[in-house]
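J.: Sequence and predicted structure, then a few things I'm wondering about:
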Amino acid sequence: MDQAKKILVVEDESHLAKGLKFNLEREGYEVVVAGDGKAALECMREHTFDLMILDLMLPRMGGIEVAKNIRKNDTRFPILMLSAKSTEEDRATGLEAGADDYLAKPFHLPELLLRVKGILRRWDWYKQPVLGQDIFHFGKMWINFATGKANGWSGEFLLTVKEAQVMKLLITKKGQVVTREDLLKTVWGYDREMETRTVDNFIARLRKHFEKKPQKPQYIVTVREKGYQFNADS
Ligand code: CA
């Protein structure tokens, strides 16, 4: 049997934290609870986790700041953000700070468990090397999928988790068409809810990094009415 996945729950409302711990443990996860932002970062330094469930409103240090702190050293660690605020703007702020997913309070427990499972599954997929290697080269550029570092046409930079995941799927299937639906399902884990437009926005961002002429892409090409295709030899 696989080793139990370790989850850090960062939540200051103790009844909610207890409920989460109880239900996640019942699903077979190992759970540690931190009651504020600073305690969460201390836990992260002392232990290794597979996922963090992070409340946005916390004493001592807020969730956004916790996420940003983690992203300074680790571009990939999976974070599911919880928040009583549920406007599009809050969602966007959370995702921009580096959260992988965002769930508004009050949430239904089955929905949370589903998201947790989805993030961990994507994370397992993402940890696998791409075409048997951690670093993928194309032209003079490269992407290190183990660190998130990349070398675009204008120099080195850090890919976000989602950007790296989009590139990972395209490169894994290089020479084949990848539909927007494939990308949404594999990278975001949603079937509905999210718009295919999200994918297009990510592609535009990635082209700025990897295409000298984003309007005339050489590597990340559009296949009309189908999706996208990565073209390059390693
Ligand atoms: Ca709170």
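T.: Looks like it arrived, so ask away.
J.: give the contact list for the residue nearest the centre of the chain.
T.: By C-alpha atoms, centre = their mean, the chain has its centre lying nearest to Asp100, at 3.7 Å. Going by C-beta atoms under 8 Å, 6 or more residues apart in numbering, Asp100 touches Pro78, Ile79, Leu80, Ile119, Arg122, Val161, Lys162. Just so you know, the C-beta spots here come from the backbone N, C-alpha and C atoms, and that holds for glycine as well.
J.: doesn't Gly98 make contact with the second one?
T.: Yep, that's Ile79 we're talking about. Yes: using C-beta atoms under 8 Å, Ile79 is in contact with Gly98, at 6.4 Å.
J.: and the helix or strand of the chain with the lowest mean pLDDT, what does it pack onto?
T.: The helix or strand of the chain with the poorest confidence is helix 88-96; it has a mean of 74 (mean pLDDT, DSSP states H and E). In terms of contacts (3 or more C-beta pairs under 8 Å, 6 or more residues apart in numbering; DSSP states H and E), helix 88-96 is packed against helix 63-73, strand 79-83, strand 101-104.
J.: Let's have the ones you listed in a markdown table, adding mean pLDDT, mean neighbour count and distance to the ion.
T.: Listed next are the helices and strands packed on helix 88-96 as a markdown table, based on pLDDT from 0 to 100; neighbours: other C-beta atoms under 10 Å; distance: least, C-beta to the ion, whole Å:
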| stretch | mean pLDDT | mean neighbour count | distance to the ion |
| --- | --- | --- | --- |
| helix 63-73 | 90 | 18 | 8 |
| strand 79-83 | 91 | 24 | 8 |
| strand 101-104 | 84 | 20 | 13 |
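J.: before we move on, back to that, which residue packs closest to the residue nearest to the centre of the chain, ignoring adjacent ones?
T.: Nearest non-adjacent residue to Asp100, counting by C-beta to C-beta, 6 or more residues apart in numbering: Pro78, 5.0 Å away.
J.: repeat for Thr196
T.: Going by C-beta to C-beta, 6+ apart, Thr196 has Arg180 as its nearest residue, at 4.1 Å.
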